[in-house]
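Peer 1: my questions are about this predicted structure, shown below with the sequence.
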Amino acid sequence: MSEPRASASAHPAASVTLPVQHGSGRSVWNVDAAILLVEDDAGDALLVEEMLADSELESGLIWRKTLAEGLTFLRTVSTPVCVLLDLHLPDVHGLVAVTQIVETTPDAAIVVLTGLAEAEAGLTAVATGAQDYLAKDRLDPQALSRAIRYALQRKQVERAAAALRANQLMARENARLERGLLPVPLLRDQSFDAVARYQPGRAHGLLSGDFYDVVQTPDGTVHAVIGDVSGHGAAEAALGVCLRVAWRTAVLCDTDPLEQIRLLEAILVAERSDPHAFATVTSLVFPPHAAHVRVVRAGHPGLLVRRGTEVEWVEPEGGMALGLLPGAGQWSTTELALPSDGGVVLFTDGLFEGRTGPDSRLGEEGLLAMARRLGDLAARPFIDALVAGATEGASPYGGLADDVAVLHLGWRKTPHE
């Protein structure tokens, strides 16, 4: 018996999947997919080719005699593929062939070709990952066409369902990370005003390593921190959660602010998966109703100080970011005056690094100018307007690429106001 013509054919690309009426009156389906037959028997291969030619599908057939040859083809094809798979091949036998295709080419649809007495094997193949099975002894053009179209459709549904599950998993993971990174401020009374805002950047589905926290200790002192772990993704977010929880624990254990920074660096170095990862941090201490705030800054951007309607950019003395040169960092405490009608605004660099032109960014000066225009706003509308302004300025250039965290902190004029 001569070998089938399929051995040298290449599949034609088609752009639609609607039936086309030929002159004979027969409906022909153009399938935007490759059809690969993995079969070592030339007679069976010729039978499949003839059935396909007589079917309602308009597509070429690619024939490979071994699973290894089939896998080689699957690695090179970019269009959807339906694999017609014989379970008795020279280089592999039984369901192992299905497993190898599923593992190496998970997007390929599989129709197993079985013998008449192998119905149980066909069902098991479907349970293993195939989309359908056909008995060679009962093969006909309509059954073959239907099995191929249904297998491709089922694989598409499987991919959509997997993507939905992945999105749901990501949403749940995002919620867990959010609870860890962005906690509710732990304040013991209403004498202190802490307003927070977080906005994820367009580049990530998950939160990144931006984190913040506010804790009031029993003596009335308010402690605050804001930080940013370099990089983006779940690992960075998890590291940010670790640092945030460690900072809160250190505060509640009455650890000195400078010792807190050294502790955070030690934890970062121990927990990071990337040896080049680092974190910038600013921590503040507000003594009870005092006219000053103490600041420790480790590589983090400056801050905004609000005095009535006036706004200024302040950069307290700082040291290097955590993790750049472990153990070599030197940090100090700076005391800033804080009038009764004042407050401080902390933020991560995503707030001012957004593009405002092809070759320009908002920058620190642009952020300060915008903040001064908003100086008469209260805390919540002030930070909302800052984030909105930065977002709007970057929107023509793809929006803010990085996450943004903002904290507005200060004593209320009158306790319980």
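Peer 2: Happy to help now that I have it.
Peer 1: helices of the stretch 251-400 of the chain, start to end?
Peer 2: Secondary structure of the stretch 251-400 of the chain (DSSP state H, counting those that start in this stretch): helices located at 257-271, 363-373, 379-394.
Peer 1: could you dump these into a markdown table and include mean pLDDT and distance to Ala277?
Peer 2: To be clear about C-beta, it is placed using only N, CA and C from the backbone, and glycine gets the same treatment. Listed next are the helices of the stretch 251-400 of the chain as a markdown table, based on pLDDT from 0 to 100; distance: least, Cβ to Cβ, whole Å:
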| stretch | mean pLDDT | distance to Ala277 |
| --- | --- | --- |
| helix 257-271 | 97 | 7 |
| helix 363-373 | 96 | 24 |
| helix 379-394 | 94 | 25 |
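Peer 1: now render those as a markdown table, adding mean neighbour count.
Peer 2: Output for those, formatted as a markdown table (neighbours: other Cβ atoms under 10 Å):
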| stretch | mean neighbour count |
| --- | --- |
| helix 257-271 | 18 |
| helix 363-373 | 16 |
| helix 379-394 | 18 |
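Peer 1: got JSON lines for those helices, with distance to Gln153 too?
Peer 2: Shown next, in JSON lines, are the helices of the stretch 251-400 of the chain (distance: least, Cβ to Cβ, whole Å):
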{"stretch": "helix 257-271", "distance to Gln153": "46"}
{"stretch": "helix 363-373", "distance to Gln153": "52"}
{"stretch": "helix 379-394", "distance to Gln153": "41"}
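Peer 1: closest to Glu56 out of these?
Peer 2: helix 379-394 (51.9 Å; Cβ to Cβ).
Peer 1: by contact count, what packs against the closest one?
Peer 2: strand 192-199, strand 342-347, strand 355-357, helix 363-373, strand 404-411 (3 or more Cβ pairs under 8 Å, 6 or more residues apart in numbering; DSSP states H and E).
Peer 1: right, and these - which one's nearest His289?
Peer 2: strand 404-411 (5.9 Å).
Peer 1: next, the angle helix 379-394 makes with that closest one.
Peer 2: 160 degrees (axes from the mean of the first three to the mean of the last three Cα atoms, to 10 degrees).
Peer 1: the closest residue to Thr66 other than its chain neighbours: neighbour count?
Peer 2: Leaving aside its sequence neighbours, Thr66 sits nearest to Asp91 (Cβ to Cβ, 6 or more residues apart in numbering; 4.7 Å). By the criterion of other Cβ atoms under 10 Å, Asp91 has 13 neighbours.
Peer 1: now Asp91: which helix or strand?
Peer 2: Assignment of secondary structure by DSSP states H and E places Asp91 within no helix or strand.
Peer 1: so it makes contact with Ala68?
Peer 2: Yes - at 5.5 Å, Asp91 counts as touching Ala68 under the criterion of Cβ atoms under 8 Å.
Peer 1: residue contacts, the closest residue in space to Trp247 that isn't next to it in sequence?
Peer 2: Spatial nearest neighbour of Trp247, chain neighbours left out: Val225 (5.1 Å); criterion: Cβ to Cβ, 6+ apart. Val225 is in contact with 211-214, 244, 247, 281-284, counting by Cβ atoms under 8 Å, 6 or more residues apart in numbering.
Peer 1: quick one, phi psi at Asp210?
Peer 2: phi -70, psi 140 (degrees, to the nearest 10).
Peer 1: ditto for Gly60
Peer 2: phi -80, psi 170.
Peer 1: what score does it have for pLDDT?
Peer 2: Note for Gly60: predicted pLDDT of 79.
Peer 1: check His232 too.
Peer 2: 80.
Peer 1: ok, how many other residues are close to it?
Peer 2: Residues near His232, counting by other Cβ under 10 Å: 20.
Peer 1: what kind of secondary structure is it in?
Peer 2: Classification of His232 using DSSP: H, G, I helix; E, B strand; the rest coil returns coil.
Peer 1: mind checking how far it is from Asp274?
Peer 2: Applying Cβ to Cβ, to the nearest Å, the value for His232 to Asp274 is 12 Å.
Peer 1: and Ser145, by the same measure?
Peer 2: As judged by Cβ to Cβ, Ser145 and Asp274 stand 52 Å apart.
Peer 1: more neighbours: those two, which one.
Peer 2: Ser145 (20 against 12).
Peer 1: any idea how far stretch 310-320 is from the chain center?
Peer 2: A distance of 33 Å separates the centroid of the chain from that of stretch 310-320, by Cα atoms, centre = their mean, to the nearest Å.
Peer 1: also stretch 54-70?
Peer 2: Mean-position distance between stretch 54-70 and its chain equals 37 Å (Cα atoms, centre = their mean).
Peer 1: in it, which residues are buried?
Peer 2: Within stretch 54-70, the residues that count as buried by 16 or more other Cβ atoms under 10 Å are 55-67, 69-70.
Peer 1: render the CA-only coordinates of it in CSV, please.
Peer 2: Listed in CSV are the C-alpha atoms of stretch 54-70, where the atom choice follows Å, rounded to 0.1, in the frame of the first residue of the first chain:
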residue,chain,number,x,y,z
ASP,A,54,-14.3,13.4,2.6
SER,A,55,-15.2,15.3,5.7
GLU,A,56,-16.6,18.8,6.2
LEU,A,57,-13.2,20.1,7.4
GLU,A,58,-11.0,22.0,5.0
SER,A,59,-7.5,21.4,6.4
GLY,A,60,-4.4,19.6,5.6
LEU,A,61,-3.0,16.7,7.6
ILE,A,62,0.5,16.5,9.0
TRP,A,63,1.7,12.9,9.5
ARG,A,64,4.4,11.8,11.9
LYS,A,65,5.2,8.1,12.6
THR,A,66,6.6,8.4,16.2
LEU,A,67,5.8,10.5,19.3
ALA,A,68,9.2,12.0,19.2
GLU,A,69,8.6,13.3,15.7
GLY,A,70,5.2,14.6,16.7
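Peer 1: which residue ranges of the stretch 151-300 of the chain form strands?
Peer 2: Counting by DSSP state E, counting those that start in this stretch, the stretch 151-300 of the chain has strands at residues 192-199, 209-216, 222-229, 279-286, 292-298.
Peer 1: then the second one to PDB, C-alphas only?
Peer 2: Once non-C-alpha atoms are left out, strand 209-216 reads as follows in PDB (Å, rounded to 0.1, in the frame of the first residue of the first chain):
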ATOM      1  CA  GLY A 209       6.600  45.600  47.600                       C
ATOM      2  CA  ASP A 210       5.200  49.000  48.700                       C
ATOM      3  CA  PHE A 211       4.100  48.800  52.300                       C
ATOM      4  CA  TYR A 212       3.100  51.100  55.200                       C
ATOM      5  CA  ASP A 213       1.900  50.900  58.800                       C
ATOM      6  CA  VAL A 214       0.900  53.200  61.700                       C
ATOM      7  CA  VAL A 215       0.900  52.100  65.300                       C
ATOM      8  CA  GLN A 216       0.100  54.000  68.500                       C
END
